[in-house]
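[1] Quick one, what's the 3D model for this:
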Amino acid sequence: MHNGNHLVNTTVAVEKHQDFSPLRTIMLLNQRVKDIAYHAKKVYLTALNAMFMARRVSSKTMAYTRVTTELRKFSHQMDKRMHILAEKFSEMVYKIADCRKTMRKKHHMIRALNMTNTSDSIRVMELRARYQDDHEDDRTAFIKMRHVISVEMVRLNDMIRVGQNLVVLSKVEAMQAEEYTEVLADISTRIEASLENVETIVKEMQQKVA
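    Below is the predicted model:
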(Lines give C-alpha, C1' and ligand atoms only; values in the text may rest on other atoms or scores of the structure.)
Protein backbone atom coordinates (compact mmCIF):
# COMPACT_ATOMS: atom_id res chain seq x y z
CA MET A 1 0.00 0.00 0.00
CA HIS A 2 2.85 2.33 0.83
CA ASN A 3 4.55 1.66 -2.52
CA GLY A 4 1.32 2.35 -4.35
CA ASN A 5 0.89 5.72 -2.66
CA HIS A 6 4.51 6.54 -3.36
CA LEU A 7 4.00 5.83 -7.07
CA VAL A 8 0.86 7.95 -7.19
CA ASN A 9 2.60 10.85 -5.42
CA THR A 10 5.53 10.55 -7.81
CA THR A 11 3.20 10.60 -10.81
CA VAL A 12 1.49 13.74 -9.52
CA ALA A 13 4.84 15.42 -8.93
CA VAL A 14 5.93 14.61 -12.47
CA GLU A 15 2.69 15.89 -13.97
CA LYS A 16 3.17 19.24 -12.24
CA HIS A 17 6.08 19.91 -14.57
CA GLN A 18 4.48 20.46 -17.95
CA ASP A 19 7.84 20.67 -19.68
CA PHE A 20 9.04 17.39 -18.13
CA SER A 21 10.83 15.18 -20.63
CA PRO A 22 12.04 11.79 -19.37
CA LEU A 23 14.47 11.45 -22.25
CA ARG A 24 15.91 14.93 -21.74
CA THR A 25 16.17 14.31 -18.00
CA ILE A 26 18.08 11.06 -18.48
CA MET A 27 20.41 12.68 -21.00
CA LEU A 28 21.12 15.43 -18.46
CA LEU A 29 21.72 12.87 -15.70
CA ASN A 30 24.09 11.00 -18.00
CA GLN A 31 26.07 14.20 -18.55
CA ARG A 32 26.33 14.66 -14.80
CA VAL A 33 27.66 11.11 -14.53
CA LYS A 34 30.42 12.11 -16.94
CA ASP A 35 31.14 15.13 -14.74
CA ILE A 36 31.49 12.87 -11.69
CA ALA A 37 33.81 10.56 -13.64
CA TYR A 38 35.92 13.60 -14.52
CA HIS A 39 36.27 14.57 -10.85
CA ALA A 40 37.01 10.95 -9.89
CA LYS A 41 39.90 10.88 -12.35
CA LYS A 42 41.06 14.22 -11.03
CA VAL A 43 41.14 12.78 -7.50
CA TYR A 44 43.08 9.79 -8.80
CA LEU A 45 45.74 11.89 -10.54
CA THR A 46 46.08 14.30 -7.61
CA ALA A 47 46.45 11.41 -5.15
CA LEU A 48 48.95 9.73 -7.47
CA ASN A 49 51.11 12.86 -7.62
CA ALA A 50 50.81 13.23 -3.84
CA MET A 51 51.98 9.66 -3.36
CA PHE A 52 55.08 10.17 -5.52
CA MET A 53 55.87 13.42 -3.76
CA ALA A 54 55.45 11.92 -0.31
CA ARG A 55 57.68 8.95 -1.19
CA ARG A 56 60.49 11.27 -2.25
CA VAL A 57 60.33 13.38 0.91
CA SER A 58 61.12 11.18 3.90
CA SER A 59 60.00 8.24 5.99
CA LYS A 60 57.79 10.63 7.98
CA THR A 61 55.35 10.78 5.06
CA MET A 62 54.86 7.02 4.73
CA ALA A 63 51.49 7.19 6.48
CA TYR A 64 50.41 9.96 4.10
CA THR A 65 51.52 7.77 1.19
CA ARG A 66 49.30 4.93 2.42
CA VAL A 67 46.30 7.27 2.64
CA THR A 68 46.84 8.52 -0.92
CA THR A 69 46.95 4.90 -2.04
CA GLU A 70 43.51 4.39 -0.50
CA LEU A 71 42.30 7.59 -2.17
CA ARG A 72 43.41 6.24 -5.53
CA LYS A 73 41.54 2.99 -4.88
CA PHE A 74 38.50 5.02 -3.86
CA SER A 75 38.57 7.19 -7.00
CA HIS A 76 38.97 4.08 -9.17
CA GLN A 77 35.88 2.53 -7.57
CA MET A 78 33.90 5.73 -8.12
CA ASP A 79 34.94 5.86 -11.76
CA LYS A 80 33.93 2.22 -12.15
CA ARG A 81 30.55 2.99 -10.55
CA MET A 82 30.02 5.80 -13.05
CA HIS A 83 30.59 3.42 -15.96
CA ILE A 84 27.94 1.10 -14.55
CA LEU A 85 25.49 3.98 -14.06
CA ALA A 86 26.16 5.27 -17.59
CA GLU A 87 25.26 1.81 -18.94
CA LYS A 88 22.02 1.89 -16.96
CA PHE A 89 21.16 5.28 -18.39
CA SER A 90 21.77 3.94 -21.89
CA GLU A 91 19.35 1.09 -21.14
CA MET A 92 16.80 3.66 -19.95
CA VAL A 93 17.13 5.64 -23.18
CA TYR A 94 16.43 2.49 -25.21
CA LYS A 95 13.53 1.62 -22.91
CA ILE A 96 11.91 5.03 -23.35
CA ALA A 97 12.50 4.95 -27.11
CA ASP A 98 10.82 1.53 -27.23
CA CYS A 99 7.88 2.85 -25.16
CA ARG A 100 7.41 5.70 -27.62
CA LYS A 101 7.54 3.32 -30.57
CA THR A 102 4.95 1.04 -28.95
CA MET A 103 2.72 4.00 -28.09
CA ARG A 104 2.75 5.20 -31.70
CA LYS A 105 1.72 1.74 -32.91
CA LYS A 106 -1.15 1.60 -30.40
CA HIS A 107 -2.35 5.08 -31.32
CA HIS A 108 -2.42 4.02 -34.96
CA MET A 109 -4.33 0.88 -34.03
CA ILE A 110 -6.92 2.82 -32.00
CA ARG A 111 -7.34 5.30 -34.86
CA ALA A 112 -7.84 2.43 -37.29
CA LEU A 113 -10.41 0.81 -35.00
CA ASN A 114 -12.30 4.09 -34.69
CA MET A 115 -12.47 4.40 -38.48
CA THR A 116 -13.96 0.95 -39.10
CA ASN A 117 -17.61 0.59 -40.08
CA THR A 118 -18.09 -1.71 -37.11
CA SER A 119 -16.52 0.68 -34.58
CA ASP A 120 -19.53 0.30 -32.30
CA SER A 121 -19.35 -3.48 -32.17
CA ILE A 122 -18.60 -5.13 -28.85
CA ARG A 123 -15.38 -6.75 -30.16
CA VAL A 124 -14.00 -3.46 -31.52
CA MET A 125 -14.92 -1.68 -28.30
CA GLU A 126 -13.07 -4.35 -26.31
CA LEU A 127 -9.98 -4.01 -28.50
CA ARG A 128 -10.07 -0.22 -28.23
CA ALA A 129 -10.32 -0.41 -24.43
CA ARG A 130 -7.39 -2.83 -24.28
CA TYR A 131 -5.13 -0.66 -26.42
CA GLN A 132 -6.07 2.44 -24.46
CA ASP A 133 -5.52 0.88 -21.03
CA ASP A 134 -2.65 -1.55 -21.65
CA HIS A 135 0.25 0.77 -22.33
CA GLU A 136 3.29 2.26 -20.71
CA ASP A 137 4.33 5.74 -21.80
CA ASP A 138 7.81 7.16 -21.34
CA ARG A 139 6.83 9.00 -18.15
CA THR A 140 5.60 5.79 -16.55
CA ALA A 141 8.80 4.05 -17.65
CA PHE A 142 10.87 6.83 -16.10
CA ILE A 143 8.95 6.63 -12.82
CA LYS A 144 9.64 2.90 -12.63
CA MET A 145 13.33 3.39 -13.39
CA ARG A 146 13.80 6.32 -11.01
CA HIS A 147 14.12 3.83 -8.15
CA VAL A 148 17.24 2.43 -9.80
CA ILE A 149 18.70 5.93 -10.05
CA SER A 150 17.81 6.71 -6.43
CA VAL A 151 19.59 3.57 -5.22
CA GLU A 152 22.70 4.56 -7.17
CA MET A 153 22.59 8.03 -5.61
CA VAL A 154 22.55 6.49 -2.14
CA ARG A 155 25.59 4.38 -3.04
CA LEU A 156 27.36 7.45 -4.35
CA ASN A 157 26.68 9.36 -1.15
CA ASP A 158 28.13 6.47 0.84
CA MET A 159 31.23 6.53 -1.36
CA ILE A 160 31.59 10.28 -0.91
CA ARG A 161 31.56 9.82 2.87
CA VAL A 162 34.40 7.32 2.55
CA GLY A 163 36.39 9.73 0.39
CA GLN A 164 35.82 12.61 2.78
CA ASN A 165 37.03 10.50 5.71
CA LEU A 166 40.18 9.65 3.77
CA VAL A 167 40.78 13.34 3.06
CA VAL A 168 40.50 14.15 6.77
CA LEU A 169 42.97 11.36 7.52
CA SER A 170 45.36 12.64 4.85
CA LYS A 171 45.30 16.10 6.44
CA VAL A 172 46.11 14.59 9.80
CA GLU A 173 49.04 12.64 8.32
CA ALA A 174 50.25 15.73 6.45
CA MET A 175 50.78 17.40 9.82
CA GLN A 176 53.58 14.88 10.47
CA ALA A 177 55.53 15.91 7.36
CA GLU A 178 57.12 18.94 9.07
CA GLU A 179 58.39 21.35 6.38
CA TYR A 180 56.26 19.57 3.76
CA THR A 181 53.07 19.81 5.77
CA GLU A 182 51.74 22.84 3.89
CA VAL A 183 52.33 21.31 0.45
CA LEU A 184 50.71 17.97 1.30
CA ALA A 185 47.82 19.64 3.13
CA ASP A 186 47.19 21.75 0.03
CA ILE A 187 47.00 18.59 -2.07
CA SER A 188 44.48 17.13 0.36
CA THR A 189 42.44 20.32 0.11
CA ARG A 190 42.34 20.00 -3.69
CA ILE A 191 41.09 16.44 -3.41
CA GLU A 192 38.50 17.64 -0.91
CA ALA A 193 37.32 20.28 -3.39
CA SER A 194 36.83 17.62 -6.07
CA LEU A 195 34.73 15.55 -3.67
CA GLU A 196 32.64 18.60 -2.80
CA ASN A 197 31.95 19.06 -6.51
CA VAL A 198 30.85 15.44 -6.75
CA GLU A 199 28.59 15.88 -3.73
CA THR A 200 26.97 18.94 -5.35
CA ILE A 201 26.37 17.01 -8.57
CA VAL A 202 24.82 14.07 -6.71
CA LYS A 203 22.42 16.42 -4.90
CA GLU A 204 21.40 17.92 -8.23
CA MET A 205 20.80 14.44 -9.66
CA GLN A 206 18.70 13.48 -6.64
CA GLN A 207 16.51 16.56 -7.19
CA LYS A 208 15.98 15.50 -10.81
CA VAL A 209 14.53 12.16 -9.79
CA ALA A 210 12.76 13.28 -6.60
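[2] which residues of the chain score low on pLDDT?
    1-20, 58, 99-100, 102-141, 144 (pLDDT under 70).
[3] Please enumerate the strands of it.
    Secondary structure of the chain (DSSP state E): no strands located.
[4] Tell me where the longest helix sits in it.
    helix 62-115 (DSSP state H).
[5] Tell me how many other residues crowd T25.
    20 (other CB atoms under 10 Å). (Glycine included, C-beta is placed from N, CA and C.)
[6] distance of the nearest residue to it once chain neighbours are set aside from S90?
    Spatially, and ignoring its direct neighbours in sequence, T25 is nearest to K208 (5.8 Å; CB to CB, 6 or more residues apart in numbering). The gap separating K208 from S90 is 17 Å, by CB to CB, to the nearest Å.
[7] And L71, by the same measure?
    29 Å.
[8] Is it correct that the residue nearest to T25 is in contact with L29?
    Yes: the criterion here is CB atoms under 8 Å, and K208 meets it with L29 at 6.0 Å.
[9] on that earlier part again, same drill for L71 and S90, tell me which one is more crowded.
    The residue with more neighbours, out of L71 and S90, is L71; 27 against 12, by other CB under 10 Å.
[10] mind listing what the more buried one touches?
    43-44, 47, 50, 163, 166-167, 170, 191 (CB atoms under 8 Å, 6 or more residues apart in numbering).
[11] Kindly report the same for V148.
    K88.
[12] what's the burial count for the spatially closest residue to M27 that is not a sequence neighbour?
    Leaving aside its sequence neighbours, M27 sits nearest to V93 (CB to CB, 6+ apart; 7.4 Å). Other residues near V93 number 15, with proximity taken as other CB under 10 Å.
[13] surely V93 meets I26?
    Yes: using CB under 8 Å, V93 is in contact with I26, at 5.9 Å.
[14] ok, so what distance separates A40 from A177?
    For A40 relative to A177 (CB to CB), the value is 26 Å.
[15] neighbour count winner among these two?
    Comparing A40 with A177 by other CB under 10 Å, the one with more neighbours is A40, at 24 against 20.
[16] can you pull the contacts of that one?
    75-76, 78-79, 82, 198.
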